[in-house]
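Visitor: how does the following fold in three dimensions:
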Amino acid sequence: MTAWGGWSSLTIDAAAETHVGRRENNEDAFLLDDDLRVYAVADGMGGYHGGEIASALVVDGLRAFVERNAADDEVTWPYGLSPGRSFVESLLTVGLRAANRAVLARRRGELARMGSTVVAVAMDGEDAVLAHVGDSRIYRLRDGALQRLTRDHSLVEELRAMGAHEQPEGIGHVITKAVGFSEDTVPDVRVERVLPGDALLLCSDGLSDPLDDATIARGLMRRSAREACEALVRAAYEAGGSDNITALVLRFVKAR
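Guide: You can find the predicted model right below:
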């Protein structure tokens, strides 16, 4: 049981699935901890085994930071609380900034180019605190309608925000923010109230790139989080996805 957050009338059906895809190694990693009510997907990059190391540092570092606070230890935070943020929002922000510092500390030699994207959810009662860095995504399915809850930190999205109707070729996977790129990296954080019947999908771009919204929505309509994960990963692979593929699904059910 966590040491924070309010009472919730919802139970969480959570599952995750990762697949190497058509790559030689899997640079994705995920965190699924129902006791801590913290969930994350990280997509590493950087050549050699740098991507695998970076994504593992992110999810392991986030879990360790949250666990220390859940145990009510006298923890010294490496960064201060964020003004105007709840404790759980600050917890997730500081946990990911600490993970960013851990990746930066290992960027030496053959690991000098490593980094990672990340999406994370921490539950605070019936509020889902969402955080992300890079182009991994969080989607919500509510009443059959799919909505993306994160905006990619990518050159494509920056150009789109500036009103560009056409993008130059070859920039589809150019990200503008990632864990391990800068000491100043801070995740985008927002809070969304969850409702009975909602489903959240945390995924790497190996899943979101080959699938359209309709296919993602159909996958999330499966009866269980496990079935949804398996269906989505299989669909991304069958659609020709060449990257590692990871899905983590949270389905919210009214407690009896």
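
Visitor: now the helices: where do they sit in the stretch 101-250 of the chain?
Guide: Under the criterion DSSP state H, counting those that start in this stretch, the stretch 101-250 of the chain contains helices at 155-161, 205-208, 213-220, 225-238.

Visitor: quick one: low-confidence parts of the stretch 1-150 of the chain?
Guide: By pLDDT under 70, the low-scoring segments of the stretch 1-150 of the chain are 1-7, 48, 72-75.

Visitor: and the gap between Leu57 and Glu27?
Guide: 12 Å (Cβ to Cβ, to the nearest Å). No exception for glycine: its C-beta is placed from N, CA and C like everyone else's.

Visitor: could you do Arg140 as well?
Guide: Taking Cβ to Cβ, one finds Arg140 at 26 Å from Glu27.

Visitor: that older thread, so which of the helices of the stretch 101-250 of the chain gets nearest Arg190?
Guide: helix 155-161 (15.8 Å; Cβ to Cβ).

Visitor: would you mark the buried spots in that closest one?
Guide: For helix 155-161, a neighbour-count test (16 or more other Cβ atoms under 10 Å) marks 155-156, 158 as buried.

Visitor: mind putting the residues you listed in TSV, distance to Arg190 included?
Guide: Below are the buried residues of helix 155-161 laid out as TSV (distance: Cβ to Cβ, whole Å):
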residue	distance to Arg190
Leu155	22
Val156	21
Glu158	19
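
Visitor: count the neighbours of Lys254 for me.
Guide: Lys254: 10 surrounding residues under other Cβ atoms under 10 Å.

Visitor: residues near the residue nearest to it when sequence neighbours are not counted, how many?
Guide: Spatial nearest neighbour of Lys254, excluding adjacent residues (Cβ to Cβ, 6 or more residues apart in numbering): Pro196 at 4.2 Å. Using other Cβ under 10 Å, Pro196 has 13 other residues around it.

Visitor: quick check: the most centrally placed residue in the chain vs Ala14, distance?
Guide: Geometric centre of the chain, nearest residue: Val119, 1.8 Å, by Cα atoms, centre = their mean. Using Cβ to Cβ, Val119 is found at 14 Å from Ala14.

Visitor: got the buried residues for stretch 179-191?
Guide: Neighbour-count burial for stretch 179-191 flags 179-181, 185-187, 189 (criterion: 16+ other Cβ under 10 Å).

Visitor: and which of these is nearest Thr246?
Guide: Closest to Thr246, out of all of those and judged by Cβ to Cβ, is Val179, at 15.6 Å.

Visitor: for that closest one, give me its contacts.
Guide: 42, 54, 58, 96, 99-100, 103, 115-118, 133-134, 185 (Cβ atoms under 8 Å, 6 or more residues apart in numbering).

Visitor: picking up where we left off before, and among the helices of the stretch 101-250 of the chain, the most buried is which?
Guide: Ranked by mean neighbour count under mean count of other Cβ atoms under 10 Å, the helices of the stretch 101-250 of the chain are led by helix 205-208, which reaches a mean of 28.

Visitor: other residues contacting it?
Guide: Here helix 205-208 has contacts from 21, 28, 43, 117, 135-137, 173, 216, 232-233, 236, 241-247, using Cβ under 8 Å, 6+ apart.

Visitor: run the last query once more with 7 Å
Guide: 21, 43, 135-137, 232-233, 236, 241, 243-247 (Cβ atoms under 7 Å, 6 or more residues apart in numbering).

Visitor: pull the most distant pair out of those.
Guide: Those two in the contacts of helix 205-208 that are separated most widely, counting by Cβ to Cβ, are Asp135 and Val233, at 18.1 Å.
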